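*Asks:* prediction below, plus the sequence it came from.
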Amino acid sequence: MKKLLMATAAAALMAGTVQADDVKIGVILGFTGPIESLTPPMGAAAELAMKEVSDSGLFLGGSTVTPVRGDSTCVDAAAATAAAERLITSDGVKGLMGPDCSGVTGAVLSNVALANGIVMISPSATSPALSDAEDNGLFFRTSPSDARQGAVMTNVLMEQGVKEVALTYTNNDYGKGLADSFQSAFEAAGGTITITAAHEDGKADYSAEVGALAAAGGDRLVVAGYLDQGGSGIVRASLDSGAFDTFHFPDGMYGALLEENFGDEIDGSTGQVPGTDSPGAGTIHEMGAANGFDGTSSFVAESYDAAALILLAMQAANSSDSADYKGKVMDVANAPGEKIYPGELAKALQILKDGGEVDYVGGTAVELIGGGESAGNYRQYIIEGGKITTVKYR
(Lines give C-alpha, C1' and ligand atoms only; values in the text may rest on other atoms or scores of the structure.)
Protein backbone atom coordinates (compact mmCIF):
# COMPACT_ATOMS: atom_id res chain seq x y z
CA MET A 1 0.00 0.00 0.00
CA LYS A 2 2.85 2.39 0.86
CA LYS A 3 4.45 1.80 -2.53
CA LEU A 4 1.10 2.42 -4.22
CA LEU A 5 0.65 5.73 -2.38
CA MET A 6 4.17 6.84 -3.28
CA ALA A 7 3.60 5.93 -6.90
CA THR A 8 0.32 7.84 -6.92
CA ALA A 9 1.97 10.93 -5.41
CA ALA A 10 4.79 10.78 -7.95
CA ALA A 11 2.31 10.49 -10.79
CA ALA A 12 0.41 13.50 -9.50
CA LEU A 13 3.57 15.57 -9.42
CA MET A 14 4.48 14.52 -12.93
CA ALA A 15 0.98 15.51 -14.06
CA GLY A 16 1.72 19.04 -12.88
CA THR A 17 -0.51 19.33 -9.83
CA VAL A 18 0.50 22.07 -7.43
CA GLN A 19 0.15 22.39 -3.71
CA ALA A 20 -2.11 25.18 -2.42
CA ASP A 21 -0.01 28.13 -1.35
CA ASP A 22 -0.16 31.88 -0.71
CA VAL A 23 1.26 33.50 -3.83
CA LYS A 24 2.51 37.03 -3.27
CA ILE A 25 2.51 39.60 -6.08
CA GLY A 26 4.34 42.92 -5.82
CA VAL A 27 2.46 46.14 -6.59
CA ILE A 28 5.21 48.69 -7.16
CA LEU A 29 3.96 52.15 -8.07
CA GLY A 30 4.79 55.77 -7.28
CA PHE A 31 2.65 56.09 -4.18
CA THR A 32 4.77 59.17 -3.48
CA GLY A 33 6.18 61.49 -6.11
CA PRO A 34 4.96 63.25 -9.25
CA ILE A 35 2.05 60.93 -10.09
CA GLU A 36 0.89 60.12 -6.57
CA SER A 37 -2.66 61.27 -7.37
CA LEU A 38 -2.88 58.59 -10.08
CA THR A 39 -1.46 55.57 -8.27
CA PRO A 40 -4.10 54.84 -5.58
CA PRO A 41 -6.74 53.72 -8.12
CA MET A 42 -4.06 51.92 -10.15
CA GLY A 43 -3.01 49.91 -7.11
CA ALA A 44 -6.62 49.27 -6.11
CA ALA A 45 -7.48 47.94 -9.57
CA ALA A 46 -4.53 45.55 -9.62
CA GLU A 47 -5.39 44.32 -6.15
CA LEU A 48 -9.02 43.82 -7.18
CA ALA A 49 -7.88 41.43 -9.91
CA MET A 50 -5.82 39.55 -7.33
CA LYS A 51 -8.78 39.32 -4.96
CA GLU A 52 -10.99 38.06 -7.77
CA VAL A 53 -8.52 35.27 -8.51
CA SER A 54 -7.95 34.46 -4.85
CA ASP A 55 -11.67 34.32 -4.05
CA SER A 56 -12.36 31.95 -6.95
CA GLY A 57 -10.67 28.99 -5.26
CA LEU A 58 -9.55 27.87 -8.72
CA PHE A 59 -6.03 29.29 -8.78
CA LEU A 60 -3.13 26.83 -8.67
CA GLY A 61 -4.75 24.10 -6.65
CA GLY A 62 -6.65 26.45 -4.36
CA SER A 63 -3.81 28.91 -3.75
CA THR A 64 -4.55 32.40 -2.51
CA VAL A 65 -3.06 35.65 -3.82
CA THR A 66 -1.68 38.40 -1.57
CA PRO A 67 -0.58 41.79 -2.90
CA VAL A 68 2.47 43.46 -1.36
CA ARG A 69 3.01 47.14 -2.09
CA GLY A 70 6.29 48.93 -2.79
CA ASP A 71 6.88 52.61 -3.56
CA SER A 72 8.68 53.27 -6.83
CA THR A 73 8.52 57.07 -6.23
CA CYS A 74 8.25 57.29 -10.05
CA VAL A 75 11.52 59.22 -10.30
CA ASP A 76 14.12 57.87 -7.86
CA ALA A 77 15.78 54.86 -9.51
CA ALA A 78 17.72 53.91 -6.39
CA ALA A 79 14.60 53.96 -4.22
CA ALA A 80 12.63 51.95 -6.77
CA THR A 81 15.41 49.40 -7.08
CA ALA A 82 15.59 49.01 -3.30
CA ALA A 83 11.80 48.64 -3.07
CA ALA A 84 11.74 45.98 -5.78
CA GLU A 85 14.65 44.12 -4.21
CA ARG A 86 12.82 44.06 -0.89
CA LEU A 87 9.63 42.79 -2.50
CA ILE A 88 11.49 39.91 -4.13
CA THR A 89 14.11 38.88 -1.59
CA SER A 90 12.33 39.75 1.67
CA ASP A 91 8.64 39.51 0.88
CA GLY A 92 9.03 36.68 -1.63
CA VAL A 93 6.79 38.01 -4.40
CA LYS A 94 6.49 35.86 -7.53
CA GLY A 95 5.89 38.70 -9.98
CA LEU A 96 5.77 42.50 -10.15
CA MET A 97 2.77 44.55 -11.25
CA GLY A 98 4.72 47.67 -12.19
CA PRO A 99 6.68 49.79 -11.89
CA ASP A 100 4.93 52.77 -13.41
CA CYS A 101 7.27 55.49 -14.73
CA SER A 102 9.73 54.66 -17.47
CA GLY A 103 13.02 55.54 -15.79
CA VAL A 104 12.41 53.54 -12.63
CA THR A 105 10.96 50.69 -14.69
CA GLY A 106 14.16 50.42 -16.67
CA ALA A 107 16.21 50.50 -13.47
CA VAL A 108 14.16 47.77 -11.81
CA LEU A 109 14.29 45.63 -14.94
CA SER A 110 18.06 45.82 -15.36
CA ASN A 111 19.06 45.80 -11.69
CA VAL A 112 16.47 43.54 -10.05
CA ALA A 113 14.15 41.61 -12.36
CA LEU A 114 16.91 40.22 -14.57
CA ALA A 115 19.13 39.31 -11.64
CA ASN A 116 16.30 37.51 -9.85
CA GLY A 117 14.51 36.14 -12.90
CA ILE A 118 11.17 37.78 -11.98
CA VAL A 119 8.38 38.66 -14.43
CA MET A 120 7.25 42.28 -14.37
CA ILE A 121 4.31 43.82 -16.21
CA SER A 122 4.17 47.61 -16.18
CA PRO A 123 0.80 49.31 -16.65
CA SER A 124 2.22 52.70 -17.58
CA ALA A 125 5.93 52.76 -18.54
CA THR A 126 5.75 54.07 -22.09
CA SER A 127 9.32 55.00 -23.10
CA PRO A 128 10.20 53.67 -26.58
CA ALA A 129 13.64 52.72 -25.21
CA LEU A 130 12.04 49.92 -23.19
CA SER A 131 11.05 48.16 -26.42
CA ASP A 132 14.67 47.18 -27.00
CA ALA A 133 15.75 46.69 -23.39
CA GLU A 134 17.42 43.40 -22.49
CA ASP A 135 14.74 41.50 -20.58
CA ASN A 136 15.25 37.75 -21.06
CA GLY A 137 11.54 37.49 -21.79
CA LEU A 138 10.59 38.85 -18.34
CA PHE A 139 9.23 42.33 -19.17
CA PHE A 140 5.80 43.20 -20.56
CA ARG A 141 3.58 46.27 -20.54
CA THR A 142 -0.12 46.88 -20.97
CA SER A 143 0.21 50.50 -22.10
CA PRO A 144 1.48 51.32 -25.60
CA SER A 145 4.92 52.71 -26.34
CA ASP A 146 5.26 56.46 -26.79
CA ALA A 147 6.45 55.73 -30.31
CA ARG A 148 2.74 55.26 -31.00
CA GLN A 149 1.62 58.13 -28.77
CA GLY A 150 3.81 60.55 -30.71
CA ALA A 151 2.03 59.59 -33.92
CA VAL A 152 -1.40 59.84 -32.28
CA MET A 153 -0.59 63.31 -30.91
CA THR A 154 0.48 64.40 -34.36
CA ASN A 155 -2.76 63.17 -35.92
CA VAL A 156 -4.89 64.92 -33.29
CA LEU A 157 -3.17 68.27 -33.75
CA MET A 158 -3.01 68.09 -37.53
CA GLU A 159 -6.72 67.28 -37.78
CA GLN A 160 -7.43 70.43 -35.76
CA GLY A 161 -5.28 72.53 -38.05
CA VAL A 162 -2.59 73.07 -35.42
CA LYS A 163 0.69 73.01 -37.32
CA GLU A 164 3.01 75.07 -35.11
CA VAL A 165 3.60 74.27 -31.44
CA ALA A 166 6.04 74.85 -28.62
CA LEU A 167 7.07 71.71 -26.72
CA THR A 168 8.22 71.25 -23.13
CA TYR A 169 8.95 67.93 -21.47
CA THR A 170 9.88 66.67 -18.02
CA ASN A 171 13.60 65.98 -17.94
CA ASN A 172 13.61 62.19 -17.57
CA ASP A 173 13.33 59.03 -19.68
CA TYR A 174 9.58 59.36 -20.10
CA GLY A 175 9.60 63.01 -21.09
CA LYS A 176 12.61 62.79 -23.41
CA GLY A 177 11.38 59.65 -25.14
CA LEU A 178 7.93 61.10 -25.74
CA ALA A 179 9.31 64.45 -26.90
CA ASP A 180 11.61 62.77 -29.41
CA SER A 181 8.81 60.55 -30.70
CA PHE A 182 6.38 63.46 -31.08
CA GLN A 183 8.91 65.79 -32.69
CA SER A 184 9.85 63.16 -35.26
CA ALA A 185 6.24 62.41 -36.16
CA PHE A 186 5.04 66.04 -36.13
CA GLU A 187 7.84 67.34 -38.33
CA ALA A 188 7.46 64.42 -40.71
CA ALA A 189 3.80 65.42 -41.10
CA GLY A 190 4.79 68.99 -42.02
CA GLY A 191 4.43 70.58 -38.59
CA THR A 192 6.81 73.04 -36.96
CA ILE A 193 8.06 72.88 -33.39
CA THR A 194 9.23 76.36 -32.43
CA ILE A 195 11.17 75.20 -29.37
CA THR A 196 11.83 71.95 -27.53
CA ALA A 197 12.73 72.64 -23.91
CA ALA A 198 13.12 70.40 -20.87
CA HIS A 199 11.77 71.40 -17.47
CA GLU A 200 12.70 70.07 -14.04
CA ASP A 201 10.07 68.85 -11.60
CA GLY A 202 9.71 70.20 -8.08
CA LYS A 203 10.29 73.89 -8.78
CA ALA A 204 8.19 76.62 -7.21
CA ASP A 205 8.53 79.02 -10.15
CA TYR A 206 8.41 78.21 -13.87
CA SER A 207 8.31 81.76 -15.18
CA ALA A 208 11.74 81.49 -16.81
CA GLU A 209 10.82 78.32 -18.67
CA VAL A 210 7.53 79.79 -19.81
CA GLY A 211 9.26 82.98 -20.90
CA ALA A 212 11.48 81.01 -23.27
CA LEU A 213 8.51 79.03 -24.60
CA ALA A 214 6.48 82.21 -25.14
CA ALA A 215 9.35 83.91 -26.97
CA ALA A 216 9.47 81.04 -29.46
CA GLY A 217 5.70 81.14 -29.93
CA GLY A 218 3.33 78.58 -31.36
CA ASP A 219 -0.38 77.97 -31.75
CA ARG A 220 -0.42 75.62 -28.78
CA LEU A 221 1.91 74.48 -25.99
CA VAL A 222 2.50 70.72 -25.75
CA VAL A 223 3.25 69.78 -22.14
CA ALA A 224 4.85 66.34 -21.86
CA GLY A 225 5.07 66.44 -18.09
CA TYR A 226 3.42 65.23 -14.89
CA LEU A 227 0.10 66.53 -13.63
CA ASP A 228 1.24 66.43 -9.99
CA GLN A 229 4.51 68.18 -10.74
CA GLY A 230 6.23 70.51 -13.20
CA GLY A 231 3.66 70.03 -15.94
CA SER A 232 1.01 71.76 -13.88
CA GLY A 233 3.53 74.41 -12.88
CA ILE A 234 4.19 75.16 -16.55
CA VAL A 235 0.46 75.43 -17.29
CA ARG A 236 -0.21 77.73 -14.33
CA ALA A 237 2.70 80.02 -15.18
CA SER A 238 1.55 80.13 -18.83
CA LEU A 239 -1.98 81.10 -17.85
CA ASP A 240 -0.92 83.68 -15.29
CA SER A 241 1.47 85.37 -17.71
CA GLY A 242 -0.82 85.11 -20.73
CA ALA A 243 1.87 83.23 -22.63
CA PHE A 244 -0.47 80.37 -23.67
CA ASP A 245 -4.10 79.59 -22.95
CA THR A 246 -4.53 76.36 -24.91
CA PHE A 247 -2.44 73.25 -24.46
CA HIS A 248 -2.06 69.68 -25.63
CA PHE A 249 -1.62 67.05 -22.93
CA PRO A 250 -0.03 63.59 -23.30
CA ASP A 251 -0.88 60.79 -20.86
CA GLY A 252 1.18 62.01 -17.91
CA MET A 253 -0.97 65.14 -17.71
CA TYR A 254 -4.35 63.38 -17.59
CA GLY A 255 -6.32 63.17 -14.35
CA ALA A 256 -9.01 64.73 -12.19
CA LEU A 257 -6.59 67.46 -11.09
CA LEU A 258 -6.67 68.84 -14.64
CA GLU A 259 -10.27 69.92 -14.04
CA GLU A 260 -9.74 70.84 -10.38
CA ASN A 261 -6.65 72.98 -10.93
CA PHE A 262 -7.54 74.76 -14.17
CA GLY A 263 -11.22 74.30 -15.03
CA ASP A 264 -12.43 76.46 -17.90
CA GLU A 265 -9.15 78.42 -17.96
CA ILE A 266 -7.89 75.76 -20.38
CA ASP A 267 -11.04 75.35 -22.47
CA GLY A 268 -10.13 74.27 -25.99
CA SER A 269 -7.09 72.33 -24.81
CA THR A 270 -6.76 68.77 -26.02
CA GLY A 271 -5.04 65.53 -25.14
CA GLN A 272 -4.96 61.77 -25.29
CA VAL A 273 -4.57 58.97 -22.79
CA PRO A 274 -4.42 55.20 -23.30
CA GLY A 275 -7.98 53.94 -23.39
CA THR A 276 -10.59 52.06 -25.36
CA ASP A 277 -14.35 51.98 -25.77
CA SER A 278 -14.37 48.19 -25.63
CA PRO A 279 -16.92 46.47 -23.34
CA GLY A 280 -14.16 45.76 -20.82
CA ALA A 281 -13.47 49.47 -20.30
CA GLY A 282 -17.04 50.08 -19.18
CA THR A 283 -16.82 47.11 -16.84
CA ILE A 284 -13.70 48.55 -15.19
CA HIS A 285 -15.56 51.83 -14.64
CA GLU A 286 -18.40 49.93 -12.94
CA MET A 287 -16.03 47.79 -10.87
CA GLY A 288 -14.23 50.92 -9.70
CA ALA A 289 -17.46 52.56 -8.60
CA ALA A 290 -18.49 49.40 -6.74
CA ASN A 291 -15.13 49.07 -5.00
CA GLY A 292 -14.33 52.64 -4.05
CA PHE A 293 -11.86 53.75 -6.71
CA ASP A 294 -12.03 55.80 -9.91
CA GLY A 295 -12.20 53.33 -12.77
CA THR A 296 -11.88 56.14 -15.33
CA SER A 297 -8.51 57.41 -14.05
CA SER A 298 -5.26 57.01 -15.99
CA PHE A 299 -3.80 53.50 -16.28
CA VAL A 300 -6.40 51.91 -13.99
CA ALA A 301 -7.61 49.38 -16.56
CA GLU A 302 -3.99 48.76 -17.55
CA SER A 303 -3.17 47.95 -13.91
CA TYR A 304 -6.05 45.49 -13.56
CA ASP A 305 -4.98 43.86 -16.83
CA ALA A 306 -1.31 43.65 -15.81
CA ALA A 307 -2.18 41.80 -12.60
CA ALA A 308 -4.65 39.56 -14.41
CA LEU A 309 -2.08 38.58 -17.04
CA ILE A 310 0.47 37.58 -14.41
CA LEU A 311 -2.03 35.34 -12.64
CA LEU A 312 -3.51 33.79 -15.78
CA ALA A 313 -0.01 33.06 -17.09
CA MET A 314 0.75 31.29 -13.80
CA GLN A 315 -2.41 29.23 -14.16
CA ALA A 316 -1.55 28.35 -17.76
CA ALA A 317 1.92 27.21 -16.67
CA ASN A 318 0.55 25.53 -13.53
CA SER A 319 3.35 27.29 -11.68
CA SER A 320 4.10 30.57 -9.92
CA ASP A 321 7.76 30.36 -10.94
CA SER A 322 8.67 33.12 -13.41
CA ALA A 323 10.89 30.75 -15.38
CA ASP A 324 7.80 28.62 -16.02
CA TYR A 325 5.10 31.22 -16.63
CA LYS A 326 6.97 33.98 -18.49
CA GLY A 327 6.43 32.07 -21.72
CA LYS A 328 2.68 31.94 -21.13
CA VAL A 329 2.00 35.69 -20.84
CA MET A 330 1.74 36.23 -24.60
CA ASP A 331 -0.35 33.06 -24.91
CA VAL A 332 -3.06 34.15 -22.48
CA ALA A 333 -3.04 37.74 -23.79
CA ASN A 334 -3.69 36.91 -27.43
CA ALA A 335 -5.83 34.71 -29.65
CA PRO A 336 -6.69 31.90 -29.99
CA GLY A 337 -8.92 31.18 -27.03
CA GLU A 338 -12.14 32.25 -25.37
CA LYS A 339 -12.33 36.01 -24.86
CA ILE A 340 -12.06 37.04 -21.22
CA TYR A 341 -13.19 40.39 -19.79
CA PRO A 342 -12.83 42.03 -16.36
CA GLY A 343 -14.82 40.17 -13.75
CA GLU A 344 -14.40 36.89 -15.65
CA LEU A 345 -11.10 35.74 -14.17
CA ALA A 346 -12.68 32.73 -12.45
CA LYS A 347 -14.03 31.64 -15.81
CA ALA A 348 -10.55 31.98 -17.34
CA LEU A 349 -8.95 30.04 -14.49
CA GLN A 350 -11.38 27.16 -15.00
CA ILE A 351 -10.75 27.05 -18.75
CA LEU A 352 -7.00 26.96 -18.22
CA LYS A 353 -7.33 24.39 -15.45
CA ASP A 354 -9.25 22.17 -17.89
CA GLY A 355 -6.50 22.51 -20.49
CA GLY A 356 -8.27 25.08 -22.69
CA GLU A 357 -7.07 28.42 -24.08
CA VAL A 358 -8.06 32.00 -23.28
CA ASP A 359 -7.69 35.29 -25.14
CA TYR A 360 -7.58 37.90 -22.38
CA VAL A 361 -9.22 41.09 -23.67
CA GLY A 362 -9.51 42.77 -20.30
CA GLY A 363 -10.27 46.43 -19.78
CA THR A 364 -7.92 47.70 -22.49
CA ALA A 365 -8.59 45.33 -25.39
CA VAL A 366 -5.23 43.71 -24.63
CA GLU A 367 -3.08 42.58 -27.52
CA LEU A 368 0.62 42.07 -26.89
CA ILE A 369 3.00 42.42 -29.81
CA GLY A 370 6.74 42.34 -30.44
CA GLY A 371 8.64 41.97 -27.21
CA GLY A 372 5.50 41.90 -25.09
CA GLU A 373 4.16 45.42 -25.35
CA SER A 374 0.64 46.64 -25.99
CA ALA A 375 -0.47 47.36 -29.52
CA GLY A 376 -2.27 50.33 -27.96
CA ASN A 377 -5.50 52.30 -28.06
CA TYR A 378 -6.03 55.93 -27.10
CA ARG A 379 -8.91 58.10 -25.92
CA GLN A 380 -8.81 61.58 -27.42
CA TYR A 381 -10.38 64.36 -25.35
CA ILE A 382 -11.00 68.09 -25.23
CA ILE A 383 -11.57 70.48 -22.31
CA GLU A 384 -15.02 72.07 -22.61
CA GLY A 385 -16.66 74.09 -19.86
CA GLY A 386 -13.80 73.08 -17.57
CA LYS A 387 -14.58 69.39 -18.02
CA ILE A 388 -12.73 66.58 -19.82
CA THR A 389 -14.91 65.44 -22.71
CA THR A 390 -14.15 62.40 -24.84
CA VAL A 391 -13.94 63.12 -28.57
CA LYS A 392 -13.21 59.65 -29.95
CA TYR A 393 -10.99 56.60 -29.65
CA ARG A 394 -7.97 55.85 -31.80
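*Replies:* Arrived safely.

*Asks:* how about stretch 28-36: buried residues?
*Replies:* Buried positions in stretch 28-36, judged by neighbour count with 16 or more other CB atoms under 10 Å: 28-31, 33-36. Just so you know, the C-beta spots here come from the backbone N, C-alpha and C atoms, and that holds for glycine as well.

*Asks:* distance between the ends of it?
*Replies:* Stretch 28-36 stretches 12 Å from its first residue to its last (CA to CA, to the nearest Å).

*Asks:* residue contacts, the nearest residue to residue 225 once chain neighbours are set aside?
*Replies:* Leaving aside its sequence neighbours, residue 225 sits nearest to residue 231 (CB to CB, 6 or more residues apart in numbering; 2.6 Å). By CB atoms under 8 Å, 6 or more residues apart in numbering, the residues touching residue 231 are 170, 223-225, 249, 252-253.

*Asks:* cool, residue 343 as well?
*Replies:* Applying CB under 8 Å, 6+ apart, the residues near residue 343 are 52, 283, 287.

*Asks:* return the member of the residues you listed nearest to residue 326.
*Replies:* Taking CB to CB as the measure, residue 326 sits nearest to residue 52 out of the contacts of residue 343, at 22.2 Å.

*Asks:* any chance of the backbone angles for that closest one?
*Replies:* Main-chain dihedrals, residue 52, degrees, to the nearest 10: phi -60, psi -40.

*Asks:* show the contacting residues for it.
*Replies:* Per CB under 8 Å, 6+ apart, neighbours of residue 52: 343, 345-346.

*Asks:* got a markdown table for those, with distance to residue 124 too?
*Replies:* Formatted as a markdown table, the contacts of residue 52 follow (distance: CB to CB, whole Å):
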| residue | distance to residue 124 |
| --- | --- |
| 343 | 22 |
| 345 | 21 |
| 346 | 27 |
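
*Asks:* can you check the pLDDT for the nearest residue to residue 371 once chain neighbours are set aside?
*Replies:* Distances taken as CB to CB, 6+ apart place residue 131 nearest to residue 371, at 6.2 Å, with adjacent residues excluded. For residue 131, the model assigns a pLDDT of 93.

*Asks:* residue 131: neighbour count?
*Replies:* Number of residues near residue 131 (other CB atoms under 10 Å) recorded here: 16.

*Asks:* quick one: it and residue 145 touch, right?
*Replies:* Yes - using CB atoms under 8 Å, residue 131 is in contact with residue 145, at 5.6 Å.

*Asks:* any common contacting residues for these two?
*Replies:* When contacts are counted by CB under 8 Å, 6+ apart, the set common to residue 131 and residue 145 consists of residue 373.

*Asks:* in the stretch 151-300 of the chain, which spans are helices?
*Replies:* 173-188, 207-216, 230-241, 256-262, 279-291, 300-317 (DSSP state H, counting those that start in this stretch).

*Asks:* dump these to CSV, plus distance to residue 201.
*Replies:* Formatted as CSV, the helices of the stretch 151-300 of the chain follow (distance: least, CB to CB, whole Å):
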stretch, distance to residue 201
helix 173-188, 9
helix 207-216, 12
helix 230-241, 4
helix 256-262, 15
helix 279-291, 28
helix 300-317, 23
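
*Asks:* closest to residue 138 out of those helices?
*Replies:* Nearest of the helices of the stretch 151-300 of the chain (CB to CB): helix 300-317, 11.4 Å.

*Asks:* mean confidence score for that closest one?
*Replies:* 98.

*Asks:* any low-confidence regions in the stretch 101-250 of the chain?
*Replies:* Residues of the stretch 101-250 of the chain meeting the criterion pLDDT under 70: none.

*Asks:* strands of that one, residue ranges please.
*Replies:* Here the stretch 101-250 of the chain has its strands, by DSSP state E, counting those that start in this stretch, at 120-122, 139-144, 164-170, 192-199, 220-224, 247-249.
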